[in-house]
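Q: Based on what follows, work out the 3D shape:
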Amino acid sequence: MKSLIELWRRMADELAIWCHTSATLDIKTVERRIEQEGFSFLTITLPAFAKDFERCLDAGAVDPCAFPGFARKRGLPLFLGGFLGNVFDASSGDLVDENDLMIDSILAVRQLCYLFAKIDMPCSEARTRRAIKGYIDCEQEMSEKSGTISAEHMESFRRISSLLLRGVFTHMDVLIHEGALRGRHGPGSTADRLSGNGKYDQWEWPERLDKVFPARENIVVPLLGMSSDSWWYQDQLDRVQFLEPDAERPVRVITVPKTLKTPRIIAIEPTCMQYMQQALLEPLVEVLERKFPRHSDEENLASHFLGFSHQNPNRDLARSGSRTGDLATLDLSEASDRVLNELVVAILHRNPLFSEAVQASRSTTASVPGELGDSIIPLTKFASMGSALCFPFEAMIFLVAIFVGIEQGTQVPLTRRLIKSFQGRVRIYGDDLIVPVEHVEHVIDSLETFGFKINVNKSFWTGKFRESCGGDYYSGHDVTPVKVRRVFPKSRGDVEEVVSLVALRNHIYHMGLWRTTSWLDEKIEKVLPHFPVVQSSSPALGRESLSFDYVESRICELTHAPRVKAYVSTSRPPRSTCSGEGALLKFFLKRGEDAPEDEEHLLRQGRPQSSALKLRWVQPF
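A: Next up, the predicted model:
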């Protein structure tokens, strides 16, 4: 931890030079508070300080109730007071007139407060239990919410969803009718703990899933030209265990690191469910981003507002909104866990084939850990994070809810032409929403009507600060902080920590903190004796430089390209085999555009469980 604290000290000193102030007292405060409160001062208390800072930016003045636990002088906190004095008037607490020093100070405060906000460290057991309880409480709240949305709101929801998405859903109906969907296994964990190639030997299949996606067509693969009544085909079909609804395997709820304040809740799906969810996901995302679906004669309006592949459109709009003030950025709390299944049913009300397929591949119960063992609870929500269909369906639901709110605000029935006029003013990526400021209140009312909760600490529309998809902006200026993801490595054997440290060094370099970068270079060179100058496209672990003055050490005899000696992170998939039938299924599921499988793909498959650093001659660019 000493290295992390030293990093904060050096960064504070350099940022103070940027901002024409001193960080000496701030450093003493941090050292004293860490002695009293532990490392949580950096990971929990300082991010909370930054949230209050952002609320004050949004309000245009320092709130008297902000920054609890920090002494004040003339209305401003003493901690980071030199930086804050460049942003707020010390006498009135109001924002000063915008200038370069003010912008640098805003970035400095956020950088120092968020530096360790996302570090990968386990939460305490008490915080983990609290997160699990929050998951259960949220499900109970959604259960009480279900069936209470007014008929008027549900009618508006269905009508607007049809305007936005009918071409997309018609396309999906056609694919299902033609039997054009094929399952796919992802790299992640499953509730039945199958992994890698083992997933191709799955033999559990819910009966309700079989009604839409028959096991004989999706996991029992007849040889080419073989009759479906052959002994081999029937033998494989007899191995399938068809599950009654009350015997289905529930999703397995777990926690994964997010911040030291609270972990992230993930619901791991059974292999069979995830397999067919992936079959629906692939064409759904493709058609949602396509302007004109193949099986529809009209433009897909949703393609103008939804994104799944790139976050830059959201960031660009957030930057624009921070400069002009006409766009709001909204963030939702517990977004995935608050999508009611009845809303999914509502948007698919005119597309029975797609609706039946989505419901068949949806898990209906969850296994939740507790002090006295796991408990099984029914799910009112559509799906938690972990389902392949969670991300696209929550985005579509949010989009419809937003336009329901806009229609209520304008009091003019929306048409396809009116909806299209909002292109460039409404954008959704996951739970990051961008909407016009003039409609923000009605949009929030609509979202809350359908069961969603606005995260007020991460939603902005009144001041000049905006954030979306990892991009933070004030008055058009990028004030996104760099964050430490892992503790510093002790040796080259700490591969993930080494890779993370090199990435941190390069981010800080491009931020312009070159004194801090030089200190990090010294730290890295103790672990990596070979640490050459490279470009970001190089596979080497190296230092990026604007001058790119790499030292050429060797010329490749085949390509005559320069080579430098550097460490490269390498990994291998874990050992995992599948049966002959499983290998055959893997072959038939292969997409034409997929890259050729590694020659060991039947022996090794899945996410690498370990990695190593190898010293090699590689291109510096």
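
Q: make it CA atoms for all contacts and neighbour counts henceforth
A: Noted.

Q: quick one: buried residues of the lengthiest helix in the chain?
A: Using DSSP state H, we find that the single longest helix of the chain is helix 151-177. For helix 151-177, a neighbour-count test (16 or more other CA atoms under 10 Å) marks 153-154, 156-176 as buried.

Q: distance of Glu6 from Val499?
A: 20 Å (CA to CA, to the nearest Å).

Q: Just want to know which of the two has more residues nearby.
A: Higher neighbour count among Glu6 and Val499: Val499, with 19 against 13, using other CA atoms under 10 Å.

Q: Check which helix or strand that one maps to.
A: Per DSSP states H and E, Val499 falls inside helix 495-511.

Q: outside of the helix or strand that comes right after that helix, which residues touch it?
A: Toward the C-terminus, helix 495-511 is succeeded by helix 514-527 as the next helix or strand (DSSP H and E). The contact list for helix 514-527, computed with CA atoms under 8 Å, 6 or more residues apart in numbering, reads 7, 10-11, 14, 489-492, 498, 501-502, 505-506, 508-509, 531.

Q: any idea how far the nearest residue to Ala12 once chain neighbours are set aside lies from Gly512?
A: Once flanking residues are discounted, Ala12 sits nearest to Ala23: 6.0 Å by CA to CA, 6 or more residues apart in numbering. According to CA to CA, Ala23 and Gly512 sit 18 Å apart.

Q: Look at these two and report which has more neighbours.
A: The residue with more neighbours, out of Ala23 and Gly512, is Ala23; 22 against 13, by other CA under 10 Å.

Q: How much space separates that one from Leu101?
A: 16 Å.

Q: what's the answer for Ile347, then?
A: Taken as CA to CA, the span from Ile347 to Leu101 is 50 Å.

Q: what about the helices in the stretch 1-150 of the chain?
A: For the stretch 1-150 of the chain, the helices defined by DSSP state H, counting those that start in this stretch cover 2-18, 24-37, 40, 46-59, 81-84, 100-114, 125-145.

Q: Determine which of those helices approaches Pro481 most closely.
A: helix 100-114 (4.6 Å; CA to CA).

Q: higher neighbour count, Ile347 and Leu101?
A: Neighbour count, other CA under 10 Å: between Ile347 and Leu101, Ile347 has more, with 25 against 15.

Q: From Leu353, how far out is that one?
A: 13 Å.

Q: cool, and Ser468?
A: Where Leu353 is concerned, Ser468 sits at a distance of 35 Å (CA to CA).

Q: Neighbour count for these two, which is higher?
A: Between Ser468 and Leu353, counting by other CA under 10 Å, Ser468 is the more crowded of the two (28 against 18).

Q: Report the secondary structure element holding the closest residue to Leu57 other than its chain neighbours.
A: In space, and not counting its chain neighbours, Leu57 is closest to Gly463: 6.4 Å by CA to CA, 6+ apart. For Gly463, there is no enclosing helix or strand under DSSP H and E.

Q: Touching, Gly463 and Gly325? I think so.
A: Yes. Using CA atoms under 8 Å, Gly463 is in contact with Gly325, at 7.1 Å.

Q: count of neighbours near Ser91?
A: Using other CA under 10 Å: Ser91 sits among 11 other residues.

Q: starting at the chain centroid, how far to the lengthiest strand in the chain?
A: Ranked by number of residues, the top strand in the chain under DSSP state E is strand 562-571. Between the centre of strand 562-571 and the centre of its chain there are 30 Å (CA atoms, centre = their mean, to the nearest Å).

Q: before we move on, what about stretch 278-286?
A: 18 Å.

Q: Show me what that stretch is in contact with.
A: Contacts of stretch 278-286 (CA under 8 Å, 6+ apart): 168, 172, 181-186, 308, 358, 388-389, 392.

Q: go with 7 Å
A: Here stretch 278-286 makes contact (CA atoms under 7 Å, 6 or more residues apart in numbering) with 181-184, 388-389, 392.

Q: Which one of those is nearest to Met1?
A: Ala388 (37.5 Å).

Q: which residues sit in contact with that closest one?
A: Applying CA under 7 Å, 6+ apart, the residues contacting Ala388 are 274, 277-278, 281.

Q: who wins for most neighbours among these?
A: Neighbour max across these (other CA under 10 Å) = Gln274, 28 neighbours.

Q: Which residue is the nearest non-sequential neighbour of Ser569?
A: Nearest non-adjacent residue to Ser569 (CA to CA, 6+ apart): Leu613, at 4.6 Å.

Q: in the helix or strand hosting the one you found, what counts as buried?
A: Element membership for Leu613, per DSSP H and E: strand 611-618. Within strand 611-618, the residues scored as buried using 16+ other CA under 10 Å are 613, 617-618.

Q: Including distance to Ser569, could the residues you listed go into a markdown table?
A: Listed next are these as a markdown table, based on distance: CA to CA, whole Å:
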| residue | distance to Ser569 |
| --- | --- |
| Leu613 | 5 |
| Trp617 | 13 |
| Val618 | 12 |
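
Q: Output the residues you listed in CSV, with distance to Ile27 and pLDDT appended to each entry.
A: Putting those into CSV (distance: CA to CA, whole Å; pLDDT from 0 to 100) gives the following:
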residue, distance to Ile27, pLDDT
Leu613, 35, 95
Trp617, 42, 92
Val618, 41, 91
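
Q: Out of the contacts of stretch 278-286, which comes closest to Asn312?
A: For the contacts of stretch 278-286, the nearest to Asn312 is Pro392 (17.6 Å; CA to CA).

Q: Spatially nearest residue to the closest one (excluding sequence neighbours)?
A: Val285 (7.0 Å).

Q: Quick check: which element contains the one you found?
A: Short version, using DSSP H and E: Val285 is in helix 271-288.

Q: Can you name the element that comes right after that helix?
A: Downstream of helix 271-288 (by DSSP H and E), the next one is helix 312-324.

Q: Could you pull out the buried residues of the helix or strand that that following helix is followed by?
A: Next helix or strand after helix 312-324 toward the C-terminus (DSSP H and E): strand 327-333. By 16+ other CA under 10 Å, the buried positions in strand 327-333 come out as 327-332.

Q: before we move on, back to that, I'd say the residue nearest to Leu57 and Asp58 touch.
A: Yes. Gly463 is in contact with Asp58 according to CA atoms under 7 Å; the separation is 4.1 Å.

Q: which other residues reach stretch 290-303?
A: Against stretch 290-303 from outside (CA under 7 Å, 6+ apart): 164-165, 167-168, 170-171, 287-289, 420.

Q: again, 6 Å this time
A: 164, 167, 171, 287-289 (CA atoms under 6 Å, 6 or more residues apart in numbering).

Q: how does the chain divide into domains?
A: 2-117, 130-458, 495-618 (automatic domain parsing).

Q: Can you find the helix or strand in this protein with the smallest mean pLDDT?
A: Lowest mean confidence among the helices and strands of the chain (mean pLDDT, DSSP states H and E): helix 231-238, at a mean of 70.

Q: what's the following helix or strand after that one?
A: Helix 231-238 is succeeded, C-terminally, by strand 241-243 (DSSP H and E).
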